[in-house]
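Engineer: sequence first, then the predicted structure, then my questions.
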Amino acid sequence: MPKVIACSRRRPGLTRADYFRYLQFVHGTISHKFAREEMGWYIQNHVVDGAFGTTAEDTHHQLSDRDAAVELSFTSFPNLFATFEHPDVKEWVASDGKFFADERHTIFMITEECEKPVPNPIDPFNPGYELAPGVGAGKVMQFLMRADGVYREDYYDYWNEAHEAAMEASPFFKENVRRIVQSHRLDQSDNVKGHFGAGEIPIYDGVASYWFDTSDYYGAFRQYNDELMKFAKPWVDWSRSFYLYVKEIPIHHKER
Amino acid sequence: MPTIKVKLDHAYKDPTVEEKIAVWETGDLSDVEKARPYAKYFYKDLNPPEPEVLAAFEGQCDPDKIIWPEMISDLLDPGYLDVEIGWCIMPNGAGFIANMTTMPGVTARMVEWWFTWFTLNDQRYKIWYKPSHIGHYISPERRRIILDPKSRIPEDTIWGATHHAVEDVGVGPELIDIHFKSPAEMGFDMDRFHQPNVATVIGGYGDELVLHDPDAPRGCAFMVHFIRDVEGGIEWRTRFWMGYRLQNGKADCTIPPGEAVPEEAVKGLAVHNAHEYANFKVMLPAVYAEFGDRPIFED
């Protein structure tokens, strides 16, 4: 199932509060009103905090300001295109982006999800949790830029190896992560980036999402990330990668 | 020669795509390539396709008689399907191609060996069909797997591999990333995937990048080369569904509603397929006879 990810920052003149209010209550309402039958689910991820690059750099190598990452899931490519090409979506939804986002710098991609197994999708503390495995109120989204000279297929293979090694080396993360989804960028991304007004944007071949019970467990992600960065083979340009602590805001969820 | 007007992936170096095209444009091999033991195959006359195949590609076949990607297991049926040679635009805008070539003296083992061996440099790709095959890349990890004597052909060397081909299939030079899949991932009924229904399958899907046109949409195609044994050789049955990609073992059409793959692109690929496999069937037995009995090597 193709999934769109668009990661933006607020447009000039808006505070973060202005941006979040508009994104959720204005744009979210418009999007829900004009949601197509073909759409699966639409989630906004509002950024609480984030880190860009690493402490090894003394200045940023990239735009180091992101305020939200939205995700839109579809059951098929025809449904994806039918949504973005619909006149109502073009007129009301796509055209609304300029009122809240710095569109030219929106990172945009169509992806394919790859779910990774976790040992504890449910917190064993309370039986009620068994109703909802693989969920969590604390979410981290990590944008990983492929290192220069590395082939994309090798990047995905190295990512798997690095992930496995990091999992084993970070027990607090391993025990408390409830769900992990890798999103792999597809070449078809280039065909619809105009919907989001994206210009020349950096390419991120992979985005990882991690869910924890609460935001108290962001430190677990830090433990894991430290280990991820130790992987011996060069696969990620860490100076141009970043992660975001986010709050999920469901806008439209036909499938969920 | 149209110049490259798109931004290329940073992985393609040593040589660059431009350098590969420059050598190809000379119509000859480079000095390094001339010194290799298989250089002579580049200078052989091409074996042309049968005239009736090219005649069948002049116009479109009946879209009602083709198989769709979800019907891929129909290839496992004995006998032949309604359309074995032809092309058309499908009702959903995708492009369909079918071709069949009988290859005396060729075995499935040779085919699997070839799709492992040729990937290691541009020249091996060019001796296959020099008018269109410009160059080829594989990643360092893929090269390591291919050169590992413990790697199994095709399970390790072809299934899961990505080939980066620089070629002109009728619309100008393109960079095509071909993601090879196992038969199960292509959607075949594995209960029927055995002799005599099938000898081997080479397939997957490709993502294309047109090098001279930055406005050209990123296309893709689901490709299957279905090989079965016949008396004295093999039967090579190709199917393309242009506009489709494979996702989690299922084919998904990426053509927006109301749009279609251009007819000239579908016909161009069909004609290219006819030419390249017409030459392939005489080139492969000769190359295999000379290099097939030794470990896979690079030079």
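Structural biologist: Thanks, I have the structure now.

Engineer: now do the one helix or strand in chain A whose mean pLDDT sits lowest: which elements does it pack against?
Structural biologist: Ranking every helix and strand in chain A by mean pLDDT, DSSP states H and E puts helix A:77-85 at the bottom, with a mean of 85. For helix A:77-85, the packing partners by 3 or more CB pairs under 8 Å, 6 or more residues apart in numbering or on different chains; DSSP states H and E come out as strand A:2-8, strand A:39-52, strand A:68-74, strand B:250-253. C-beta here means a position set from N, CA and C on the backbone, and glycine is covered the same way.

Engineer: for residue A:246, helix, strand, or coil?
Structural biologist: strand (DSSP: H, G, I helix; E, B strand; the rest coil).

Engineer: repeat for residue A:112
Structural biologist: Recorded secondary structure, residue A:112: strand (three-state DSSP).

Engineer: need the contact list for residue A:38.
Structural biologist: Neighbouring residues of residue A:38 by CB atoms under 8 Å, 6 or more residues apart in numbering or on different chains: A:74-75, A:78-80, A:82-83.

Engineer: list phi and psi for the residue of the stretch 151-299 of chain B found nearest chain A.
Structural biologist: Residue of the stretch 151-299 of chain B nearest chain A, by CB to the nearest CB: residue B:256 (3.8 Å). Main-chain dihedrals, residue B:256, degrees, to the nearest 10: phi -60, psi 150.

Engineer: what distance do you get for it to residue A:192?
Structural biologist: Per CB to CB, to the nearest Å, residue B:256 is found 9 Å from residue A:192.

Engineer: mutual contacts of these two, please.
Structural biologist: Shared contacts of residue B:256 and residue A:192 (CB under 8 Å, 6+ apart): residue A:81.

Engineer: what sits against residue A:23?
Structural biologist: A:44, A:46, A:68, A:100.

Engineer: report pLDDT for it.
Structural biologist: Looking at residue A:23, its pLDDT is 96.

Engineer: sorry, back to before: quick check: next helix or strand after the least confident helix or strand of chain A?
Structural biologist: helix A:87-88 (DSSP states H and E).

Engineer: list the contacts of that following helix.
Structural biologist: Applying CB under 8 Å, 6+ apart, the contact partners of helix A:87-88 are residue A:34.

Engineer: now that helix: average pLDDT?
Structural biologist: The pLDDT scores in helix A:87-88 average 88.

Engineer: centre of the chain versus that helix, how much separation?
Structural biologist: Relative to its parent chain, helix A:87-88 has a centroid offset of 26 Å by CA atoms, centre = their mean, to the nearest Å.

Engineer: poorly predicted segments of the chain, please.
Structural biologist: Answering for chain A, as no chain was given. Along chain A, segments meeting pLDDT under 70 span A:127, A:129-131, A:193-199, A:254-256.

Engineer: my bad, the chain I had in mind was chain B
Structural biologist: Along chain B, the model assigns pLDDT under 70 to residues B:1-2.

Engineer: tell me where it has strands.
Structural biologist: Along chain B, counting by DSSP state E, strands occupy B:86-89, B:95-104, B:133-137, B:162-168, B:173-180, B:200-210, B:220-230, B:233-242, B:244-247, B:250-253.
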